[in-house]
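[1] Need a 3D model of the sequence below.
(chains A and B)
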Amino acid sequence: MAGEKVQFSNQEFEVATVYYWLIILIALVLAVIVTALMSFYTITPGDSGVVVRLGKVIQINEPGIYWKLPWGIDRLHRIKVDYQYNAEFGFRSAEADSDIVSQGKFYRPEARLLTGDLKMIDLKWVVQYRVKDPVAYLFSVADPEQTIRTVGLTAMRTAVGDYSFHEVFQTERRAVAEMAKKHMQSKFDLYKMGIIIQHVQLKQAWPALSEPEPAPIVIHQSAMPIDSTRIDSVEKTW
Amino acid sequence: MSFKSFIWLLIVALIVFVGWKSVIILDEDEQMLLTRFGQLTGEPVTTAGLHLVTPLISKPFIYKKNLIEWHSDVAEMPTKDDKFIAIESYAYWQITDPQVFYQRVRTIPAAEKRLADLMDGTLRDEVARHTLTELIRSSNRRMDITEIQNVLKVPGEKTTKQTKGQQATIVSTIYKHATTALDSLQMGIKLVDFNLKTVNFIRVIE
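    Just a heads-up that it's a prediction; the model follows:
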């Protein structure tokens, strides 16, 4: 058996060429198998997979198991098409962003709105939407989530601005939500974003009776022991 | 390593480098211009996928072709009835003619700077011509109004009030003015939408 001589330390060994090639072959096969396995992916029910090959959308996957080209040639975007997205405006629930506002408090930069009879109101609302067209959602605007926030805020400002304080606070809450919904949907259609607004729900509304705003009391909150009663009392007297 | 194998390595590296430089991957939301020594060559490429270019000589410029969001700073301005308000507006715009855009504007921040100047001026013009109520309301619907002394205890006096609302007209006038101005400036961009994001009284600092 022909072999190659390999010098190791002061001794010379003879390595059979067959083994030499066998090792390389096994390594290659292993690499291929690992890559192939890593290229399988599953789309779970409710999701939609948009496969982009070298920048171009080539297919949209329904739930199931699929295989794509490795090494970044095929890229996969998972979009939840059946999922009910929930965007919060005027507040943040604790788990979403504990830094800004804790549960039950208004997030003022969004919540503070001007009503039709020129009164200030603080308002919380939620927008529930669904992605209808994953490709449109991915590529129509640079940052879809940012767009939803911008348009959502604008829609509610428009709606609240057309109703009096009394109506937003008490009698016409449904109509305000409906108007905001219509406004949002027309904008998303204009931008061709592939989003359907399912529901807009007004939550807590509270009169913002005085200007200027009270001094922000959350500044040193992290340094203080949390005293929820104290924060609540400030909220109520205001 | 011998001199010969070093040369071979160099050649392979060069081939890889040139190969790398001669393909460009365009995403679905991108478009590309090719320039040769600062001169535009050929038509803009707008289809997504793999594109071959002359390596090292052709220099590609890749622009977005989808909607780009622009935000104004908070601008403080008076209305016709002497109320000072703070307005934050937004616009969606798009590069429609990349060749013109390349020649006149070149970068997105530069375009946004010009857009900001244009929108700010147009917005101030229109807001100063209308009362705050006209700006806030979008219909002439009669509103139910309760004058509130204390929300929680004393029931207020109920009245109705009709005021003119012109928000839609104001916004569309601003949009039209800005579109006309952009057309005459010929920047290769199109304004898709404009609206007021927030309208608030100015916070009084004491």
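
[2] Going by neighbour count, which residues in stretch A:109-124 are buried?
    By 16 or more other Cβ atoms under 10 Å in any protein chain shown, the buried positions in stretch A:109-124 come out as A:110-124. Every C-beta, even on glycine, is put in place using the N, C-alpha and C of the backbone.

[3] try stretch A:141-158
    The neighbour-count check on stretch A:141-158 (16+ other Cβ under 10 Å) flags A:141, A:144, A:147-158 as buried.

[4] And stretch B:52-62, by the same measure?
    By 16+ other Cβ under 10 Å, the buried positions in stretch B:52-62 come out as B:53, B:58, B:61.

[5] Now, the residues you listed that are in strands?
    Among the buried residues of stretch B:52-62, the subset assigned to strands under DSSP state E consists of B:58, B:61.

[6] which of the buried residues of stretch B:52-62 lies closest to B:Val192?
    The nearest member of the buried residues of stretch B:52-62 to B:Val192, counting by Cβ to Cβ, is B:Phe61 at 21.9 Å.

[7] Tell me the bridge partners for A:Asp74.
    Beta-bridge pairing for A:Asp74 (DSSP bridges): A:Arg53.

[8] Give me the buried stretch members for stretch B:32-40, please.
    Neighbour-count burial for stretch B:32-40, counted by 16+ other Cβ under 10 Å, picks out B:32-34.

[9] Can I get those in a markdown table including pLDDT, secondary structure and distance to B:Glu112?
    Formatted as a markdown table, the buried residues of stretch B:32-40 follow (pLDDT from 0 to 100; DSSP: H, G, I helix; E, B strand; the rest coil; distance: Cβ to Cβ, whole Å):
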| residue | pLDDT | secondary structure | distance to B:Glu112 |
| --- | --- | --- | --- |
| B:Met32 | 89 | strand | 21 |
| B:Leu33 | 88 | strand | 19 |
| B:Leu34 | 87 | strand | 25 |
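
[10] So for chain B, the centremost residue is which one?
    Nearest to the mean C-alpha position of chain B, by Cα atoms, centre = their mean, lies B:Trp70 at 3.3 Å.

[11] how far away is it from A:Tyr85?
    Computed with Cβ to Cβ, to the nearest Å, the distance linking B:Trp70 and A:Tyr85 is 24 Å.

[12] Please apply the same query to A:Phe91.
    Applying Cβ to Cβ to A:Phe91 and A:Tyr85 gives a distance of 17 Å.

[13] what does B:Leu185 give?
    Look at B:Leu185 and A:Tyr85: by Cβ to Cβ, they are 38 Å apart.

[14] Next: B:Ile24.
    Applying Cβ to Cβ to B:Ile24 and A:Tyr85 gives a distance of 34 Å.

[15] Just list the residues touching the nearest residue to A:Val176 once chain neighbours are set aside, thanks.
    Spatial nearest neighbour of A:Val176, excluding adjacent residues (Cβ to Cβ, 6 or more residues apart in numbering or on different chains): A:Ala159 at 4.8 Å. The contact partners of A:Ala159, taken as Cβ atoms under 8 Å, 6 or more residues apart in numbering or on different chains, are A:176-177, A:179-180, A:183.

[16] which stretches of chain B form helices?
    Using DSSP state H, the helices found in chain B span residues B:3-21, B:98-104, B:108-128, B:132-136, B:167-185.

[17] Please identify the most buried of the ones you listed.
    When the helices of chain B are scored by mean count of other Cβ atoms under 10 Å in any protein chain shown, the highest mean neighbour count falls to helix B:132-136 (a mean of 23).

[18] so what does that one touch, helix or strand wise?
    helix B:167-185 (3 or more Cβ pairs under 8 Å, 6 or more residues apart in numbering or on different chains; DSSP states H and E).

[19] The helix it packs on - what's its average pLDDT?
    Mean per-residue pLDDT for helix B:167-185: 91.

[20] how close does the residue nearest in space to the middle of chain A sit to chain B?
    Centroid check for chain A by Cα atoms, centre = their mean gives A:Glu145 as the closest residue, at 6.0 Å. Going from A:Glu145 to chain B by Cβ to the nearest Cβ, to the nearest Å gives 11 Å.

[21] quick one, phi psi at that residue?
    When read as degrees, to the nearest 10, the backbone of A:Glu145 gives phi -70, psi -40.

[22] host element of A:Val200?
    Applying DSSP states H and E as the criterion places A:Val200 in strand A:195-207.

[23] got the buried residues for that strand?
    Residues of strand A:195-207 classed as buried by neighbour count (16+ other Cβ under 10 Å): A:195, A:197, A:200, A:202, A:205-207.
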